[in-house]
Structure formats: C-alpha cells, structure tokens
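Would you be able to build a 3D model of this:
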Amino acid sequence: MDFRYDVIVVGAGHAGCEAASAAARMGSKTLLITMDMNKIAQMSCNPAVGGIAKGQIVREIDALGGQMGIVTDRSAIQFRMLNQSKGPAMWSPRSQSDRKRFIEEWIKVLSHTDNLNIWQDIVTSLIIKDNKACGVKTMLGIEMEAQAVVLTNGTFLNGLMHCGKTQVKGGRISEPASYGITEQLVELGFKSDRMKTGTPARIDARSIHFDELIRQDGDNDWHQFSYLNTIQRELKQMPCWITYTNPKTHEALRAGLKDSPLFNGQIQSIGPRYCPSIETKIVTFADKDAHQLFLEPEGVDSNEYYVNGFSSSLPWQVQLAGLKTVKGLEDVVLYRPGYAIEYDFFDPTQLHHTLETKQIKNLFFAGQINGTTGYEEAAGQGLVAGVNAHINVHGGNPFTMGRDESYIGVLIDDLVNKGVDEPYRMFTSRAEYRILLRQDNADERLTQRSYEMGLATKERYNLLRKKQSSCTDFIEFMQNTIVHKGDVDGWLESIGSAPLHEGCKISELILRPQVGIKALAEVLPELKAKIEELSDEIVESCEIQIKYAGYIKREKMEAAKLQRLDQIRIPDNFNFNDVQSLSTEARQKLSRIRPKSIGEAQRIPGVSPNDVSVLLVLMGR
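So this is what the prediction gives:
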C-alpha cells in the first residue's frame, strides 16, 4: 500500500458510497475512508428510501449506473408507489428497507468493485498545494496522496448532539465527530455555517399494541427501483402502522418545553421546516389536536421500530411520557430516545455545477456538507461528484445535467445558484419540467449518456434499447389499430364515458381521462394479447406518452428556451461590478456566485428580468 490514489472519498454515507463506486467503476484508483466499516451507508434516520421526488432521484441514480436502487431492491421489506391518485409526474416510488441488510448489500457492492480500496480512519485535514487538493491527512498520522478529493462528511463536521440539556459531541449516536476540516477550509476563505437535524426515538415492537393501530401494507404489484430486471425481492414483506398523537400527548410535551434545546436557546442553527420536530409541531400548529405517526420496522429480524413523525430533542423522560399517551404505545419501551444534531456545512454557491469547489481545484463536496438533507439527495450529489472527480483526473467533458434532464440537475442547480437557508429537500414542485422528469423514464433520459461516458454498463444500455424498441412498436400499434363503435360502447357507458360516433384508433380512445389501457384491454382481445407480451413498466410508460403527449410537447418547448439561455456563455473574467446598469443586488450576487451562462444568472434570486436583458446586450445578443 503506497497510499497514492487518483480519487479519495472522505465519508462512507450515501454520498460517499456512490462517489467512490462511480469513480472506481470508471477506472480511477479510488480510496474510500470511513470511521467505521460496519456502518457503511448507515440509514441514520428512517429505514426507507425514496418518497415524493426522492424516488425519482433514486431511479435517476440507477439509470446512470449508480447502486442505490439495486441495494434498496435487495433490502426491501415494503414497496409503495406514492401519489397514484395524481398525474404520473407526481408518482414517486418508496421502499422500506431492512437497515442491517441495506448496509450488508452496500458492503458487498463496494467489496466487489475493482479499483476501490477502503480504509478505516478519520481525516483531520486536507493536503492542498497551489490551490489544488492533493490528498488528506488522517488521525493515525498517515498522509495519503490523491489527484482529486471528494468530501462527504454528513453531520460529522463539529457534530454536537442534544437530548434535553444534555450535549454530546458526535456525528451520530455513539460515533465521534470530525474536527479540523472546517477550520482549515474557513482559513482558506470558504464560508461555513451550522445546520440542525433530528431523529425520533426507537421503540421495542414487543411493547406495541398493534391491534390498536391502523395497518398499512405495501403495494401488491411488483415494483422496484432498479431498471435491471435481474433483481429479486428476497426478504419478507412487512407492514407499517399508523397512529396519532392527541391532546394528552401535547400536554405532556408542553410540560417539557422549558428544557427543549429548540426553545431555550441551546440550539441556534436552522432545522428543516418541512420535517419539524414534534415539539415544533405542537407550538407552530397549536390549534391541531392530533399529528399522524408512522411506526416503521427496522428489519425482518429486529424488534426495533422507528416512530416517524416524532422527531425530538426533548429530555428523554418527556419523550417517553408523551409516547405513552399515544394509542397503541401505552406500554412503550424505548431502545433509545430521539435527539437533535448540529453540524457544519458550506455555502453551496461556492461550487461549480460539477460540485468542484471554486476556490480549490480538484476538491469536491457532496451531501449534507452542501446544506442538503436526505439519503437520496446525498447519493445523487455523490454520483455526480465521483464522476467529475474521475474526469478531472483522466480527462473528458465535465458531467452536468440540466433542469430539464433530471431532478439531480434541479437539485444541484438550486444549490449552486440559490444557496440554502435551511436543509434542502427535493420536492416535485421545485422542478419546472416534472412531466419530463417522471420516475418511469429516467433510463430514457440518462442511461445512454452515462453509457457513453463509461459508467452505465452494456447490460443497462441494451435493456434501454430493447425498452425503447418495444415502446415504439406498441405505440405504433395503438396509433394504427381501429376500434369499432360496437366493440366498446357498452363498456364506455359503464365507466361514464361518451359512446363513439364512429370508429377511432386505440390511441385516441386512451386520451379520454376515464379510459385506462389495461381496463380497455379487457374488452379488446387484440390489445390484451399485445399487452401480455410486454412488461408492466413498458405498458405504463406507453400509456403516459399517449395520454400526456400535449403536456410533454409543451414542456419540451419551454425547456428548449431555457437551453438557449444556458448556451450563452459569460466570460470567466467578466467584471459584473463595472456594469452600472445592473441593480446593486444583481452586481453583488453575480460577483459572488459567478454564473457561467445567462441561464444560470437568470436563476439567481435577486437577478431581475431587466438585469438579464442588460447581460444579453453585453454578451452581444
């Protein structure tokens, strides 16, 4: 071992695992450094992957050749497709995972990845020469050389945990914090700040009265995250359970607010607004008598349950008293209480879209170090950072994605152009072109590009080509096959749809909101025979393409306008402060963020349409 690498990745959370895997699989000699090899890809909060908009990110990671979707499918104990009552742009896959199995599957992936080594240690500083990252120094006193370094430190940078008035230094329960890196980077001119997140208590299943709770099973239909068709679900499928807080719960929690770190001044940093602690809920929504709680299993062989919706940093006695007032939890036994954690992050406007820092070349940030929250957001950033670290070392065009190409592209563009004032979480509402960014078509958007740059495998590419060919044939069949008036009139009447005046094509009939392709197939034998030759995923994708063709066309036109502005480049040395016709706020923000194109400049808060017009004139447009 000579400790000389192409790429070093610091931290083996969700961002670090994807970064290290991507860089190594593309051919870089890669080292992944972690404090504890038994907690690789630890699910620090709830034992689940995906959800609203997050599920789309996981499918994009998989389409690009990342590993999160595969690992999730192999460790799944429940799968649900959320938002099916809404349009397909909102459909979002979500899976409960066996926490232990999730870690084991990631260890298998990393252990069998060529060009990848793992080292257990703590990085205390970076080696920087001539404004370039050249390696790291560790707690064991080892200096390791690298041509690129990716920092994915999660909540460990100067991490401080809070449970009531008790404060414990650490990055996660029973794990030490990391010191030195923040101080070094701040000294080099980086802007750092603090954020807060939290987690709820874990409870013993043997103390839960499940017969008093509402059972929530997963979907019966087979679903998966990975586009590979070789993944088999192996574990027993388990339900989640629903219960609610009540006025007695809120009364018990209010009694402890004087000792709450969130309200007594102990915690100063900003937490996630969209995922508040239970004490924040009872204060902010004081008029509500109940808040929904989900009890989520941690694994098939574990009695540990996660109380989703009850995140708290109140004293453990107050948490326990509150939980005992909840229906079904009257005899609850804790494995451990919830806690809050404060940690350092860096203003992401200090990054390029490749996630390389602007101040130090070949230094990349990914995950919560950029002010985001969530496993999925971290993993998506990690993959992009790992790919670009490899490209920086071996050459090639930088890998970035537009807002019309992926949710990961939206995420990174928001971070780089807007920064963060609270932990960033992805929502479908953040994407202007969400009908283009559906969960069913991530492979069509991204796999070919990934294959061409050397990350996605030939197997993935061949599956994509086969899917595209099947979709083209099936859509042509529906566009060319006539349905006669007498074939469907009775059925149309039964579903409340107007009868046909004359024959029409199957594709025209599917445009009706009441008509679903599988239901129609039950009265059209020719269509049913065709569907039986295809996978559910292909049938679903084709139906969406037909039903929403008008919306898809319109969004593609809007995206093309955005692309035109993104193609108008701003010179690297352009001095915004010299342009007096720009507003003062625009000059300040443009000088700080330094966008590379008019499109990027337009998306910076505080840059007005008039400022954009001025820039267009200056760029000769």
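
Show residues contacting the helix or strand containing residue 487.
Taking DSSP states H and E as the criterion, the element that holds residue 487 is helix 485-494. With contacts defined as C-beta atoms under 8 Å, 6 or more residues apart in numbering, helix 485-494 is touched by 498-503, 509, 515, 520, 523-524. For the C-beta atoms, the positions are set from N, CA and C on the backbone; glycine is no exception.

tally of neighbours for residue 571?
Look at residue 571: counted by other C-beta atoms under 10 Å, it has 8 neighbours.

do the same with residue 95
Using other C-beta under 10 Å, residue 95 has 25 other residues around it.

Residue 168 and residue 345, how far apart?
As judged by C-beta to C-beta, to the nearest Å, residue 168 and residue 345 stand 20 Å apart.

Which one of these two is surrounded by more residues?
More crowded of residue 168 and residue 345, by other C-beta under 10 Å: residue 345, with 24 against 14.

The more buried one: which element?
Per DSSP H and E, residue 345 falls inside strand 339-346.

and if you look at residue 446?
helix 442-453.

Show me what that helix is packed up against.
Using 3 or more C-beta pairs under 8 Å, 6 or more residues apart in numbering; DSSP states H and E, the elements in contact with helix 442-453 are helix 54-63, helix 458-480.

rerun that using 10 Å as the cut-off
Using 3 or more C-beta pairs under 10 Å, 6 or more residues apart in numbering; DSSP states H and E, the elements in contact with helix 442-453 are helix 54-63, helix 375-394, helix 407-418, helix 458-480, helix 536-547.

buried residues in that helix?
Neighbour-count burial for helix 442-453 flags 442-448, 450-451, 453 (criterion: 16 or more other C-beta atoms under 10 Å).

can you check stretch 21-31 too?
For stretch 21-31, the neighbour count (16+ other C-beta under 10 Å) marks 21-26, 28-31 as buried.

just those now: which is nearest residue 469?
residue 25 (26.8 Å; C-beta to C-beta).

So that closest one is in contact with residue 64, correct?
No - counting by C-beta atoms under 10 Å, residue 25 stays clear of residue 64, with 11.1 Å between them.

For the helix holding residue 487, list every residue counted as buried.
Buried residues in helix 485-494, counted by 16+ other C-beta under 10 Å: 487-488, 491-492.

tell me the mean pLDDT over the next helix or strand after it?
Downstream of helix 485-494, the first helix or strand assigned by DSSP H and E is strand 504-505. For strand 504-505, mean pLDDT rounds to 94.

Equivalent analysis for stretch 134-145, please.
This predicted structure assigns stretch 134-145 an average pLDDT of 97.

and that stretch, how far out from the chain's middle?
30 Å (C-alpha atoms, centre = their mean, to the nearest Å).

quick one on the thing from earlier: which neighbours do residue 25 and residue 64 share?
By C-beta atoms under 10 Å, 6 or more residues apart in numbering, residue 25 and residue 64 have these common neighbours: 387, 455-456.

Can I get those in JSON lines including pLDDT?
As requested, the shared contacts of residue 25 and residue 64 are exported to JSON lines (pLDDT from 0 to 100):
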{"residue": "387", "pLDDT": "98"}
{"residue": "455", "pLDDT": "98"}
{"residue": "456", "pLDDT": "98"}
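
Using CSV, please lay out those together with neighbour count.
CSV is the format used below for those (neighbours: other C-beta atoms under 10 Å):
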residue, neighbour count
387, 30
455, 23
456, 25
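
of these, closest to residue 585?
For these, the nearest to residue 585 is residue 387 (34.4 Å; C-beta to C-beta).

I'd assumed residue 408 was in contact with that closest one.
No - taking C-beta under 10 Å as the definition, residue 387 is not a contact partner of residue 408, at 11.2 Å.

what residues are shared contacts of those two?
Counting by C-beta under 10 Å, 6+ apart, the contacts common to residue 387 and residue 408 are 64, 66, 400.

Rebuild these as JSON lines, extending it with neighbour count, distance to residue 602 and pLDDT.
Conversion of the shared contacts of residue 387 and residue 408 to JSON lines gives the following (neighbours: other C-beta atoms under 10 Å; distance: C-beta to C-beta, whole Å; pLDDT from 0 to 100):
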{"residue": "64", "neighbour count": "30", "distance to residue 602": "27", "pLDDT": "98"}
{"residue": "66", "neighbour count": "30", "distance to residue 602": "30", "pLDDT": "98"}
{"residue": "400", "neighbour count": "20", "distance to residue 602": "17", "pLDDT": "97"}
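
how about CSV for these, with distance to residue 306 added?
Shown next, in CSV, are the shared contacts of residue 387 and residue 408 (distance: C-beta to C-beta, whole Å):
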residue, distance to residue 306
64, 29
66, 25
400, 35
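
Which one (most neighbours) among the contacts of helix 485-494?
Among the contacts of helix 485-494, residue 520 has the most neighbours (other C-beta under 10 Å), with 23 neighbours.

Could you name the helices and strands sitting against the host helix or strand of that one?
Taking DSSP H and E as the criterion, residue 520 maps to helix 517-521. Under the contact criterion of 3+ C-beta pairs under 10 Å, 6+ apart, helix 517-521 touches helix 458-480, helix 485-494, helix 506-510, helix 525-531, helix 536-547.

hmm, try it at 6 Å
Judged by 3 or more C-beta pairs under 6 Å, 6 or more residues apart in numbering; DSSP states H and E, the packing partners of helix 517-521 are helix 525-531.

Dump the helix it packs on to CSV, restricted to CA.
The C-alpha trace of helix 525-531 is given here as CSV (Å, rounded to 0.1, in the frame of the first residue of the first chain):
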residue,chain,number,x,y,z
PRO,A,525,-58.7,-9.0,-27.2
GLU,A,526,-56.1,-7.8,-29.8
LEU,A,527,-54.9,-5.2,-27.3
LYS,A,528,-54.9,-7.6,-24.5
ALA,A,529,-52.7,-10.1,-26.5
LYS,A,530,-50.2,-7.3,-27.2
ILE,A,531,-50.1,-6.2,-23.6
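
outside of it, which residues touch it?
With contact meaning C-beta atoms under 6 Å, 6 or more residues apart in numbering, helix 525-531 is reached by 477, 521, 539.

sorry, back to before: of all the contacts of helix 485-494, which comes closest to residue 94?
residue 515 (27.8 Å).

State whether that closest one is indeed within a helix.
No - Residue 515 is assigned coil when assessed by DSSP: H, G, I helix; E, B strand; the rest coil, not a helix.

which residues does it contact?
By C-beta under 6 Å, 6+ apart, the neighbours of residue 515 are residue 509.
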